[in-house]
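> Generate coordinates for the sequence data below:
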Amino acid sequence: MIDSLAQQTLLDPAGLGDHELTTLLGTTFGRGVDGGDCYFQFACQEGWSLEDGIVKSASFNIERGVGIRVVRGEQTGFAYSDDIAMPALLDAARTARSIADAGQSGRVAVASRMPTRPALYAPENPMDSLDEQSKIDLLKEVDAAARAADPRVTQVMCSLAGVHEVVLVLNARGELTTDVRPLVRLSVQVIAQQGDRRESGTSGGGGRFGYRYFLENDRAAGYAREAVRQALVNLEARDAPAGTMKVVLGPGWPGVLLHEAIGHGLEGDFNRKGTSAFSGRIGERVAAKGITIVDDGTLEGRRGSLNVDDEGTATQQTVLIEDGILRGYMQDEMNARLTGVQSTGNGRRESYAHLPMPRMTNTYMLAGEADPEEILASVEDGLYAVNFGGGQVDITSGKFVFSASEAYRVEKGKVTYPVKGATLIGNGPDVLTRVSMVGNDMRLDPGVGTCGKEGQGVPVGVGQPTLRIDGMTVGGTQAA
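Reported below is the predicted structural model:
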């Protein structure tokens with residue numbers, strides 16, 4: 001079904017069959033070429049937004065195109081076209097090849113190559129799972145649930161987004177791989193007011209399925225109530241302390257700190273170039289005992305999961321750090337070839353108009369043995385960070401700054417009161433060595449993550465158990 005849908009969506013409208021693909025391969029690749037691919041993509045996406053019960057915007061967009069990449073050594077030639085027709089394809093192929101200075105033409109036969117495991121998501125168009133009125137009704141349900149949760153809610157903004165993507169990858173070896181990728185997301189933000197004070201809260205979720213996921217188990221209304229809960233917590237928050245202290249990170253979404261401060265430093269391109277704090281350290285202890293971190297693109301239905309990556313390689317679970325020892329990096333094909341290892345299925349690109357590079361899928365820390373209550377009880381004076389907003393990280397040094405959107409003061413082993421304005425400041429590799437307790441409650445995020453790298457955004461997942469980090473710098477407005 002996936003093969004036929006890709007054929008009908010991408011190849012048939014342009015009259016491309018085996019003969020045309022073989023001609024394209026021969027023009028693009030041949031002797032002197034180390035790799036590359038022709039990446040065909042069709043993507044339709046829509047977005048709906050509701051503000052204070054009124055539909056504010058609705059959009060629908062279709063993109064179709066092909067990106068052609070020729071790799072020779074470390075040199076990459078790349079050209080793309082939004083016209084999937086033979087003349088445009090051959091022009092793009094010649095351009096990419098001339099940039100890479102790839103030598104003589106050749107002839108490569110086309111052969112199918114599909115992963116043998118079951119598909120991680122159904123090859124369906126999520127936008128067909130509900131009609132237009134039902135999508136609006138879903139957003140109105142979220143709006144009503146948020147307002148019913150507390151009279152202090154003064155404003156509700158919610159949005160619904162869906163993507164239906166069909167990709168076909170034809171690589172330099174003549175191997176052809178296809179994938180059909182659904183993706184949906186529901187987001188809600190509320191503002192609550194008490195006297196002159198106004199605070200906000202956000203929530204949401206999604207993954208690789210249809211919109212009906214949000215109708216199950218009161219899920220959409222649950223997002224609304226969670227956003228209200230956060231806003232009400234922030235209404236009571238006091239100024240955050242500042243200083244060096246023990247910090248407890250909650251499970252799930254706080255794994256975004258792990259993703260940014262540590263995950264990017266474990267991507268193959270940074271390590272091949274020697275610009276990561278983890279470069280050349282395979283087999284060394286880089287974290288405290290008990291810390292195991294994996295990147296796993298094979299989790300069913302998850303936002304960061306893919307049947308195959310954007311180079312046609314089947315995704316896998318890659319152990320990055322095992323019991324504190326660095327075991328490997330995330331690799332795409334080019335960086336894997338240049339360092340003498342195999343691709344880990346982490347070659348990703350935003351669209352046909354972008355080059356692939358090693359990127360994370362679902363990156364998370366495995367559970368430990370400590371009870372979360374035991375972890376909090378062990379902290380005499382510190383901070384409990386439950387949710388995060390934005391952050392910045394320097395890949396070379398590993399230094400990061402993250403703002404906590406929901407955090408609490410911990411005193412004598414008890415969570416006492418919420419705080420606002422807390423930022424966590426540190427160094428990713430150093431923080432890994434300061435983890436002293438790992439909880440048994442590993443949780444993945446609800447499906448809202450988007451990762452940016454070199455101007456490209458791709459959907460990802462994060463996760464972790466409750467963690468205690470000793471001696472972390474907290475920025476705030478009140479001295480600890």
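> Report the separation between residue 132 and residue 60.
In this view, residue 132 and residue 60 are 10 Å apart by CB to CB, to the nearest Å. Yep, even glycine has a C-beta here, placed from its N, CA and C like the rest.
> quick one: stretch 174-188 to chain centroid distance?
Average the C-alpha atoms of stretch 174-188, do the same for its chain, and the two points are 13 Å apart (CA atoms, centre = their mean, to the nearest Å).
> Using PDB, write out the CA atom coordinates for it.
Coordinates of the C-alpha atoms in stretch 174-188 are reproduced here as PDB (Å, rounded to 0.1, in the frame of the first residue of the first chain):
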ATOM      1  CA  GLY A 174      19.600   2.300  -6.900                       C
ATOM      2  CA  GLU A 175      17.700   1.400  -3.700                       C
ATOM      3  CA  LEU A 176      14.200   2.800  -3.600                       C
ATOM      4  CA  THR A 177      12.400   3.300  -0.300                       C
ATOM      5  CA  THR A 178       9.100   5.000   0.500                       C
ATOM      6  CA  ASP A 179       7.200   6.200   3.600                       C
ATOM      7  CA  VAL A 180       3.800   7.700   4.300                       C
ATOM      8  CA  ARG A 181       3.900   9.900   7.400                       C
ATOM      9  CA  PRO A 182       0.900  11.300   9.300                       C
ATOM     10  CA  LEU A 183       1.400  13.900  12.000                       C
ATOM     11  CA  VAL A 184      -1.000  15.800  14.200                       C
ATOM     12  CA  ARG A 185      -0.800  18.300  17.100                       C
ATOM     13  CA  LEU A 186      -3.200  20.000  19.400                       C
ATOM     14  CA  SER A 187      -2.000  23.000  21.500                       C
ATOM     15  CA  VAL A 188      -3.700  25.200  24.000                       C
END
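> can you tell me the average pLDDT over it?
Per-region confidence: stretch 174-188 scores 96 on mean pLDDT.
> now swap in stretch 435-453 and tell me
Per-residue pLDDT values over stretch 435-453 give a mean of 96.
> and what of stretch 145-153?
Averaged across stretch 145-153, pLDDT comes to 98.
> What of stretch 381-392?
Mean pLDDT, computed over stretch 381-392, is 90.
> Identify each buried residue in it, please.
382-388, 391 (16 or more other CB atoms under 10 Å).
> Am I right that residue 419 is in contact with residue 408?
Yes - using CB atoms under 8 Å as the test, residue 419 is close enough to residue 408 to be in contact (6.5 Å).
> what touches both of those two?
Taking CB atoms under 8 Å, 6 or more residues apart in numbering as the contact rule, residue 419 and residue 408 both touch residue 383.
> for the stretch 301-450 of the chain, what spans make up the helices?
When secondary structure is read from DSSP state H, counting those that start in this stretch, the stretch 301-450 of the chain shows helices at 333-339, 372-377, 428-433.
> Just name whatever secondary elements the first one is in contact with.
Identification of packing neighbours for helix 333-339 by 3 or more CB pairs under 8 Å, 6 or more residues apart in numbering; DSSP states H and E yields strand 35-51, helix 268-272.
> can we see that at 10 Å?
Helix 333-339 sits against strand 35-51, strand 54-72, helix 268-272, strand 347-348, strand 357-358, with contacts defined as 3 or more CB pairs under 10 Å, 6 or more residues apart in numbering; DSSP states H and E.
> So residue 301 sits against residue 182, correct?
Yes - in this structure residue 301 lies within contact range of residue 182 using CB atoms under 10 Å: 9.3 Å.
> ok, back up a step: which one of the helices and strands packed on helix 333-339 lies closest to residue 375?
The closest approach between residue 375 and any of those, judged by CB to CB, belongs to helix 268-272 at 31.7 Å.
> ok, now how distant is the residue lying closest to residue 321 once chain neighbours are set aside from residue 265?
Leaving aside its sequence neighbours, residue 321 sits nearest to residue 293 (CB to CB, 6 or more residues apart in numbering; 4.4 Å). Spatial separation of residue 293 from residue 265 under the definition CB to CB is 11 Å.
> Can you list the low-confidence ranges for the stretch 251-400 of the chain?
Confidence mapping of the stretch 251-400 of the chain against pLDDT under 70 gives zero matching residues.
> Spit out the residues that contact residue 293 and residue 265 alike.
Taking CB atoms under 10 Å, 6 or more residues apart in numbering as the contact criterion, the common neighbours of residue 293 and residue 265 are 286, 320.
> just the buried residues of stretch 381-392 now: which is nearest residue 94?
When these are ranked by distance to residue 94 (CB to CB), residue 391 comes first, at 43.0 Å.
> List the beta-bridge partners for the closest residue to the closest one other than its chain neighbours.
Once flanking residues are discounted, residue 391 sits nearest to residue 402: 3.6 Å by CB to CB, 6+ apart. Beta-bridge partners for residue 402, by DSSP bridges, are residue 391, residue 424.
> Residue 402 against residue 253, yeah?
No - between residue 402 and residue 253 there is no contact, the gap being 11.7 Å when judged by CB under 10 Å.
> Contacts only, for the nearest residue to residue 73 once chain neighbours are set aside.
Of all residues beyond its chain neighbours, the one nearest residue 73 is residue 34 (6.4 Å), with distances taken as CB to CB, 6+ apart. Taking CB under 10 Å, 6+ apart as the criterion, residue 34 is in contact with 70-76, 100, 102, 172, 333-334, 337-338.
> Same check on residue 288?
Contacts here follow CB under 10 Å, 6+ apart; on that basis residue 288 touches 323-324, 431-438, 469-470.
> element containing it?
When secondary structure is defined by DSSP states H and E, residue 288 falls outside every helix and strand.
> Would you mind measuring from residue 94 to residue 27?
In this view, residue 94 and residue 27 are 7 Å apart by CB to CB.
> oh sorry, the question was meant for residue 470
59 Å.
> more neighbours, those two?
Neighbour count, other CB atoms under 10 Å: between residue 470 and residue 27, residue 27 has more, with 20 against 17.
> any idea how far residue 195 is from residue 152?
10 Å.
> Can you pick out the residue with more neighbours from the two?
residue 152 (18 against 7).
> OK, contacts around that one?
190-195, 197-199, 228, 231-232, 235.
> Top of these by number of neighbours, please.
Using other CB under 10 Å as the neighbour criterion, residue 190 leads these with 31 neighbours.
> Could you verify my assumption that it touches residue 231?
Yes - counting by CB under 10 Å, residue 190 does reach residue 231; the two are 5.2 Å apart.
> which neighbours do these two share?
146, 149-150, 152-155, 199-203.
> Bridged to the residue lying closest to residue 10 once chain neighbours are set aside, which residues?
Taking CB to CB, 6+ apart as the measure, residue 10 lies nearest to residue 40, with 4.6 Å between them; neighbours along the chain are not counted. With DSSP bridges applied, residue 40 shows beta-bridge pairing to residue 66, residue 168.
> so residue 40 sits right up against residue 6, yeah?
Yes - in terms of CB under 10 Å, residue 40 counts as a neighbour of residue 6; the distance is 7.8 Å.
> Compare these two and say which is more crowded by neighbours.
For the pair residue 40 and residue 6, the greater number of neighbours falls to residue 40 (26 against 23), based on other CB under 10 Å.
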